[in-house]
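J.: predicted model follows, preceded by the sequence.
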Amino acid sequence: MGSKKNRKKKRPGKKSQQRRKKQPSAGSYDRLLAQVKKRELLPTDTQYIVEPPGETKMSEVILDFAMPFLEEAPDSQAKQSMIGVAILAWNISLLPFFSRRTALKNAQADINMDKEGIKVIKMFVRMIKRYRRRFHPNLKRFILDFELTETRGELNLNVVSTISPSEEQNFLK
């Protein structure tokens, strides 16, 4: 007879508490969408789809990738920056190889990044490309904007992302 395994429940630690996902309020989505619309990134007749059922949530993809770095971040500002870097790297990783250099130069100018910052972004692009290939090979959505909030140690990330042409037919049925 085999021995029974001890199935004692573990209490959630700090790491799992941070990973816990809370349903964001409709107001936070509305605020983020209003920001994107105000910046006129997309045509005015663009349709916005909030959390289509059965589809991968980009906020979860980015949080899963960035969580090991977020756990080491000393404060909220560092967490904001880490998510911003992860999203920048995600978007650059979706570009064709020869367009990445231009995107990096544009990012360097936009956020006044030094050469060390560019090296960090390049490292993140390589890491997120491997992550994407392994876990989300068909996910090709660009992230347009994000909002990260933290309440009592619980992180909530909202994002506005594009849909790829291959996904478009599923969303617009």
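T.: Received, thanks.
J.: name the residues that touch the helix or strand where Val36 lies?
T.: Using DSSP states H and E, Val36 falls within helix 26-38. Contacts of helix 26-38 from elsewhere in the structure, counted by CB atoms under 8 Å, 6 or more residues apart in numbering, are 42, 48, 50, 144-147, 149, 156, 158-160. (Glycine included, C-beta is placed from N, CA and C.)
J.: now those residues in TSV, with pLDDT?
T.: Shown next, in TSV, are the contacts of helix 26-38 (pLDDT from 0 to 100):
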residue	pLDDT
Leu42	63
Tyr48	66
Val50	70
Leu144	87
Asp145	88
Phe146	92
Glu147	91
Thr149	90
Asn156	89
Asn158	89
Val159	89
Val160	86
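J.: pull out the buried members of these.
T.: 144, 146-147, 156, 158-160 (16 or more other CB atoms under 10 Å).
J.: ok, back up a step: taking the contacts of helix 26-38 one by one, which sit in strands?
T.: Among the contacts of helix 26-38, DSSP state E puts 144-147, 149, 156, 158-160 in strands.
J.: and Glu116, how far from Lys122?
T.: Separation of Glu116 from Lys122 (CB to CB, to the nearest Å): 11 Å.
J.: please say which of those two ends up with more neighbours.
T.: Lys122 (15 against 8; other CB atoms under 10 Å).
J.: that one contacts Leu104, doesn't it?
T.: Yes. Using CB atoms under 8 Å, Lys122 is in contact with Leu104, at 7.1 Å.
J.: ranges for the helices of this structure?
T.: For the chain, the helices defined by DSSP state H occupy 14-19, 26-38, 58-70, 76-93, 97-110, 115-135, 165-171.
J.: averaged pLDDT, the last one. What do you get?
T.: Regarding helix 165-171, the rounded mean pLDDT is 61.
J.: which members of the buried ones among the contacts of helix 26-38 are the farthest-apart pair?
T.: Leu144 and Asn156 (18.0 Å; CB to CB).
J.: how about the contacts made by the most centrally placed residue in the chain?
T.: Nearest to the geometric centre of the chain sits Ile62, at 2.9 Å (CA atoms, centre = their mean). Ile62 makes contacts with 83, 86-87, 90, 143, 146, 157, 159, as judged by CB under 8 Å, 6+ apart.
J.: CA atoms only for stretch 68-79 - export them in CSV, please.
T.: Taking C-alpha atoms only, stretch 68-79 is exported to CSV below (Å, rounded to 0.1, in the frame of the first residue of the first chain):
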residue,chain,number,x,y,z
PRO,A,68,9.6,38.2,-10.6
PHE,A,69,10.9,41.7,-11.2
LEU,A,70,7.9,43.3,-9.5
GLU,A,71,8.5,41.3,-6.3
GLU,A,72,12.0,42.9,-6.1
ALA,A,73,10.8,46.4,-6.8
PRO,A,74,11.2,48.6,-3.7
ASP,A,75,8.2,50.9,-4.2
SER,A,76,5.2,51.7,-6.4
GLN,A,77,7.2,54.0,-8.7
ALA,A,78,9.6,51.2,-9.4
LYS,A,79,6.7,48.8,-10.1
